[in-house]
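Engineer: Got a sequence here, can you build the structure:
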Amino acid sequence: QVQLVESGGGLVQAGGSLRLSCAASGNIFKVNAMDWYRQALGKQRELVASIASGGSTNYADSVKGRFTISNDNAKNTVYLKMNSLKPEDTAVYFCHAKILPALLIGEYDYWGQGTQVTVSS
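Structural biologist: The predicted structure is shown next:
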C-alpha cells in the first residue's frame, strides 16, 4: 500500500512564507512525478506546481516567481516553498504523485489528505 502524507500548512499573514512537505511511503518501485494541487472553497482543484523525477518543473502562472517545488528522490519527498503569500493563495493543498508500486504493474495516481493554508490580509 502506498500513502502520501503532507505537512506544513497553517495560518500566515500576507507576505509571509510557508513550506509544505509530502512524503510517499509504502511498497514503491519508482516515483515518476509529484505535484501540488490546491482547492479553494467553492472552486475547482487546480495544479500549482509539478516536478518530474529528473527535476524538470512546471508552475501555474499565478505562483511563478513566488513558489518553488523541489524533491528529494532518496526520501520520495516533495516540497513546496511558498513565499510572498497572498490571501488568494488560501486553499487546501493536496499532494499528488504518479507512482510505480512495487507489487503492481503500471503507474498509479495517489493523493494526500490535504493540508490547509490560510493567508490573512
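
Engineer: so where do the strands sit in this structure?
Structural biologist: Ranges of strands in the chain, per DSSP state E, are 2-7, 10-13, 18-26, 28-39, 46-52, 57-59, 67-72, 77-82, 91-101, 108-111, 115-120.

Engineer: quick one, which of these is packed in tightest?
Structural biologist: Ranked by mean neighbour count under mean count of other C-beta atoms under 10 Å, these are led by strand 77-82, which reaches a mean of 22. C-beta coordinates here come from the backbone N, C-alpha and C atoms, glycine included.

Engineer: that older thread, okay, the strands of the chain in a markdown table with mean pLDDT next?
Structural biologist: Converted to a markdown table, the strands of the chain look like this (pLDDT from 0 to 100):
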| stretch | mean pLDDT |
| --- | --- |
| strand 2-7 | 95 |
| strand 10-13 | 98 |
| strand 18-26 | 97 |
| strand 28-39 | 96 |
| strand 46-52 | 97 |
| strand 57-59 | 97 |
| strand 67-72 | 97 |
| strand 77-82 | 98 |
| strand 91-101 | 97 |
| strand 108-111 | 97 |
| strand 115-120 | 98 |
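
Engineer: Name the nearest residue to G15, sequence neighbours excluded.
Structural biologist: Leaving aside its chain neighbours, G15 sits nearest to S84 (6.1 Å; criterion: C-beta to C-beta, 6 or more residues apart in numbering).
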